[in-house]
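1. 3D, please:
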Amino acid sequence: MDAERCEFLAGNTLIDVIPSVSDTRPIHLISGDIGPFEAGVPCKVPIWTAILMKRKHNCHIVMPKWMELEELKKLLASEAENDGLAELPDHFFEICHMLVRDATDDIYDVEAVKSHIQDIYDKRDAKLRTSAIAFLSQNQTCHAQLDCVQLLETSAARATLEACKQMGVLVHNKHESTPL
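-> Alright, predicted model coming up:
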């Protein structure tokens, strides 16, 4: 799976929008109905719909609470304090990327928000890399459990995870071929 597929999956996450137009007709989709919309009244829609509405200037996107600068500072501090990975909302990086890319005017202090998101990603990436190196340096057969890893991080770490799998096969084969 690549970053685009991760983002596609995250696109179905519901987000609040404030429509700037009224439309009494709901939109009928396979996944369910969206609408009707009343100007100025917040409603929840999938992110992909919010972005389409935003591009047509039909709404303002309400940023998730966890994407506010103070909350990002708390997440960054939590990431720095813990040895393991801190728990993040589902599809954290994908949603942040879509909103920073397509709704910059709805984000207060967008540059600081982008900087904090990047810092969180960098800290987590460094932790994943050092954990993988420590895991690979063990000379025994073992398993690893990845807690609080985001789908995008798993996708980005696929090569490292594949190396772990191959290392396990090699170690297993070495033990089987050792004469008694």
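2. kindly check the end-to-end length of stretch 77-95 for me.
-> 20 Å (Cα to Cα, to the nearest Å).
3. next one: that stretch to chain centre, how far?
-> Distance of stretch 77-95 from its chain centroid, counting by Cα atoms, centre = their mean, to the nearest Å, is 10 Å.
4. begin at 21 from now on, thanks
-> In the new numbering, first residue 21, that becomes stretch 97-115.
5. which neighbouring elements make contact with the helix ranked longest in the chain?
-> Across the chain, the longest stretch assigned as helix under DSSP state H is helix 130-157. When contacts are defined as 3 or more Cβ pairs under 8 Å, 6 or more residues apart in numbering; DSSP states H and E, helix 130-157 sits against helix 89-101, helix 112-122, helix 171-176, helix 178-197. In this view, the C-beta of every residue, glycine as well, is placed from N, C-alpha and C.
6. and of the ones you listed, who's closest to residue 147?
-> Comparison of the helices and strands packed on helix 130-157 against residue 147 by Cβ to Cβ identifies helix 89-101 as nearest, at 8.0 Å.
7. state the distance from residue 169 to residue 130.
-> 27 Å (Cβ to Cβ, to the nearest Å).
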